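Engineer: need a structure here:
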Amino acid sequence: MSEKNYQPPKVWKWDREGAGSWSKINRPIAGATHEAELPVGKHPLQLYSMGTPNGQKVTILLEELLALGESGAEYDAHLIRIGEGDQFSSGFVAVNPNSKIPALLDRSETPAVRVFESGAILLYLAEKFGHFLPQERAARTETLNWLFWLQGSAPYMGGGFGHFYHYAPEKIEYAINRFAMEAKRQLDVLERQLAQHRYIAGEEYTIADIAIWPWYGSLVQGGLYDAAEFLDVASYPNLQRWAQAIAERPAVRRGRIVNRTSGAPDQQLRERHDASDFDRRTENKLS
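Structural biologist: Numbers count the residues shown, from 1 in each chain. Sure thing, here's the model as predicted:
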């Protein structure tokens with residue numbers, strides 16, 4: 001049946017076969033599919049993630065904290081292969097009942113604290129270590145405004161535009177047009193904000209920048225969905241300026257490659273258990 005003639009059934013049922021490769025990532029029920037314990041490394045913070053934009057948010061912040069000398073931010077980053085269903089193990093579900101990466105376990109606390117949802121992890125770490133979140137009420141609120149903007153906007157970019165433009169097995173004009181319009185609107189929101197400010201929430205680099213850059217900074221630099229030309233990202237000069245400035249930060253260059261499983265081999269550090277891993281264990285070094 002063509003898309004134009006499709007009529008929804010009275011009761012929707014999941015077609016596992018029709019879901020194809022996505023059936024291991026998305027399903028209509030929660031909970032574990034298999035028993036498996038999570039690995040535990042030597043550091044206070046245990047991160048279970050993959051180098052998607054949401055995963056990069058956390059590893060970038062951790063690397064920024066370490067760059068400031070916060071030794072308590074040392075972490076083990078364990079790779080969760082979402083395409084193979086690792087996020088549905090009993091161990092992972094115990095840390096994040098929503099079965100999405102990233103998930104963090106802070107073992108420096110007694111009992112250990114679980115933190116899930118990338119925005120919650122950024123807020124938790126910023127408050128724990130006292131960096132990248134202003135203390136003054138108005139500046140703090142503005143930072144949180146943009147953090148929550150990202151948490152509400154990114155699903156349109158990823159699950160909406162990115163899915164239908166880049167990943168969907170067939171190109172659906174209506175869906176692509178609908179989400180391209182929203183993606184362009186979001187880019188314009190950021191462009192207008194950055195026309196007035198050096199960073200997203202003002203003149204200070206914060207978790208708002210760390211949250212937004214892996215999505216929108218990567219997009220305008222051509223690293224997300226191969227959609228830079230399609231979305232005419234060159235027409236957003238202030239967003240381009242900001243994206244390049246963030247990309248040049250050493251901690252961002254490190255954090256963005258942690259738990260990566262695609263791209264150039266020197267941009268893949270599948271697991272991070274020590275600071276020296278950046279020099280010794282990227283895929284190009286291992287192979």
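
Engineer: all contacts plus neighbour counts: C-alpha atoms, from now on.
Structural biologist: Noted.

Engineer: Just say helix, strand or coil for the closest residue to residue 40 other than its chain neighbours.
Structural biologist: Closest residue in space to residue 40, ignoring its immediate chain neighbours: residue 46 at 6.8 Å, by CA to CA, 6 or more residues apart in numbering. Per DSSP: H, G, I helix; E, B strand; the rest coil, the local secondary structure of residue 46 is strand.

Engineer: wait, doesn't residue 46 sit right on residue 102?
Structural biologist: No - contact between residue 46 and residue 102 fails when scored by CA atoms under 8 Å: they sit 10.6 Å apart.

Engineer: Those two - which one has more neighbours?
Structural biologist: More neighbours surround residue 102 than the other of residue 46 and residue 102, with 29 against 24 (other CA atoms under 10 Å).

Engineer: any idea how far residue 154 is from residue 229?
Structural biologist: Taking CA to CA, to the nearest Å as the measure, residue 154 falls 19 Å from residue 229.

Engineer: More neighbours: which of the two?
Structural biologist: In terms of neighbours (other CA under 10 Å), residue 154 is the more surrounded of residue 154 and residue 229; the figures are 21 against 10.

Engineer: isn't there a helix covering that one?
Structural biologist: Yes - under three-state DSSP, residue 154 sits within a helix.

Engineer: mean confidence for the biggest helix by length in the chain?
Structural biologist: Ranked by residue count, the top helix of the chain under DSSP state H comes out as helix 173-196. On average, the pLDDT along helix 173-196 is 98.

Engineer: Please tell me how far that helix is from the chain's geometric centre.
Structural biologist: 19 Å (CA atoms, centre = their mean, to the nearest Å).

Engineer: For the next helix or strand after it, name the packing helices and strands.
Structural biologist: Per DSSP states H and E, the first helix or strand lying C-terminal to helix 173-196 is helix 207-212. For helix 207-212, the elements it packs on are helix 53-67, helix 118-129, helix 137-155, judged by 3 or more CA pairs under 8 Å, 6 or more residues apart in numbering; DSSP states H and E.

Engineer: returning to that earlier point: what angle do the longest helix of the chain and helix 137-155 make?
Structural biologist: 160 degrees (axes from the mean of the first three to the mean of the last three CA atoms, to 10 degrees).

Engineer: so residue 114, which of the three states?
Structural biologist: Put simply, residue 114 is strand when judged by three-state DSSP.

Engineer: Now it. Nearest residue, chain neighbours left out?
Structural biologist: Per CA to CA, 6+ apart, closest to residue 114 is residue 105, 4.6 Å.

Engineer: Residue 208 now?
Structural biologist: The nearest residue in space to residue 208 (CA to CA, 6+ apart) is residue 147, at 4.9 Å.

Engineer: residues touching the one you found, list them.
Structural biologist: For residue 147, the contact set (CA atoms under 8 Å, 6 or more residues apart in numbering) comprises 119, 207-208, 211-212.

Engineer: could I get these as CSV with pLDDT, neighbour count and distance to residue 53?
Structural biologist: CSV is the format used below for these (pLDDT from 0 to 100; neighbours: other CA atoms under 10 Å; distance: CA to CA, whole Å):
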residue, pLDDT, neighbour count, distance to residue 53
119, 98, 21, 12
207, 98, 28, 14
208, 98, 28, 14
211, 98, 28, 9
212, 98, 24, 9
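
Engineer: Nearest to the spatial middle of this structure, which residue is it?
Structural biologist: residue 54 (1.0 Å; CA atoms, centre = their mean).

Engineer: ok, how many other residues are close to the residue lying closest to that residue once chain neighbours are set aside?
Structural biologist: Spatial nearest neighbour of residue 54, excluding adjacent residues (CA to CA, 6+ apart): residue 118 at 6.1 Å. Residue 118 has 22 neighbours, counted by other CA under 10 Å.

Engineer: Now for residue 118: which residues touch it?
Structural biologist: Contacts of residue 118 by CA under 8 Å, 6+ apart are 54-55, 57-58, 101-103.
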